[in-house]
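1. Return atomic coordinates for the entry below.
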Amino acid sequence: MDENINKENEILSETTENKNEKKSDIDKEEIKQEQESEENIDEVNIENLQKELEETKDKLLRSLAENENVRKQIEKIRLETNKYGVQPLAREILNVVDNFERAMSTNNKSEEGSLEEGLSLIQKEILSILEKFSVKKLEPLGQEFNANYHQAMFEKESNDYSDGQICEIIQDGYTFHERLLRPALVGVAKKKNNTDIDNAEKEKILNSDKENK
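-> All right, here's what the predicted structure looks like:
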């Protein structure tokens, strides 16, 4: 009887071992499948990342190429502007030259007054053209002297202008888009001394007496 019991125990033990082995094999298979699945996922992720990287790289290269083309186009426009920017002004000046030549030709057949009138018209036309291109003449006569726009050539005693005012223009000044193109060369008034005023008054009185006599 003991032998039978021992046999049964052995059979049970073998059965249990077989079950454990099968379970172990199943667990190993599941682990293997999980690992393979994770590896597949990793491979897919890597492929996607590589694809995205290539797309980003391609976009970047296209963007750089476009930027380079834009830069070249801007540089071309800048060079052409520097070279031909004064073309409209030159075209306008040619019209003035034509008018000047016509005025000179007319002078041979007319009076001197006609030439003066023609030159005056040409001067106005030139100033009008300059204003089209934002070149404006300064009008400083009677204004306070301003070193930012005026260059004093001399001081002049004057009864007509206050001390420090511009009383005479030697050469016109101009601005370009409100930036100084060249300063006006001017004479600046200063007050006469009292002695000079008294002497001037005395001279007027003497001259008046002489005329009355």
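2. any chance you could map the strands in the protein?
-> 135-137, 150-157, 166-171, 174-176, 179-182, 184-190 (DSSP state E).
3. Point out the most buried one among the ones you listed.
-> Highest mean neighbour count among the strands of the chain (mean count of other CB atoms under 10 Å): strand 184-190, with a mean of 21. Heads up, the C-betas are built off the backbone N, CA and C, glycines and all.
4. now for that strand, which elements pack on it?
-> strand 150-157, strand 166-171 (3 or more CB pairs under 8 Å, 6 or more residues apart in numbering; DSSP states H and E).
5. Tell me which of the strands of the chain sits nearest to residue 49.
-> strand 179-182 (56.4 Å; CB to CB).
6. Export the closest one to PDB, keeping only CA atoms.
-> Extracted in PDB, the C-alpha atoms of strand 179-182 (Å, rounded to 0.1, in the frame of the first residue of the first chain):
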ATOM      1  CA  ARG A 179      17.600 116.700 -44.000                       C
ATOM      2  CA  LEU A 180      20.000 119.600 -44.700                       C
ATOM      3  CA  LEU A 181      21.400 119.300 -48.200                       C
ATOM      4  CA  ARG A 182      23.500 122.500 -47.900                       C
END
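7. Could you spell out the sheet neighbours of that strand, each with its direction?
-> Strand 179-182 pairs in its sheet with strand 174-176 (antiparallel), by DSSP bridges.
8. For the partner strand, give me every contacting residue.
-> Applying CB atoms under 8 Å, 6 or more residues apart in numbering, the external contacts of strand 174-176 come out as 130, 133-138, 149, 181-182.
9. repeat that with 7 Å
-> With contacts defined as CB atoms under 7 Å, 6 or more residues apart in numbering, strand 174-176 is touched by 134-138, 181-182.
10. what's the answer for stretch 148-156, then?
-> Under CB under 7 Å, 6+ apart, the answer for stretch 148-156 is 138, 140, 145, 166-168, 170, 173, 180, 183-190.
11. just for this structure, where's the confidence low?
-> Applying pLDDT under 70 to the chain flags residues 1-44, 90, 104-113, 193-213.
12. that older thread, could I get the strands of the chain in JSON lines, plus columns for distance to residue 72?
-> Formatted as JSON lines, the strands of the chain follow (distance: least, CB to CB, whole Å):
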{"stretch": "strand 135-137", "distance to residue 72": "32"}
{"stretch": "strand 150-157", "distance to residue 72": "44"}
{"stretch": "strand 166-171", "distance to residue 72": "44"}
{"stretch": "strand 174-176", "distance to residue 72": "30"}
{"stretch": "strand 179-182", "distance to residue 72": "30"}
{"stretch": "strand 184-190", "distance to residue 72": "43"}
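13. Out of the helices and strands packed on strand 184-190, flag the one nearest residue 121.
-> Here strand 166-171 is closest among those (CB to CB), at 21.3 Å.
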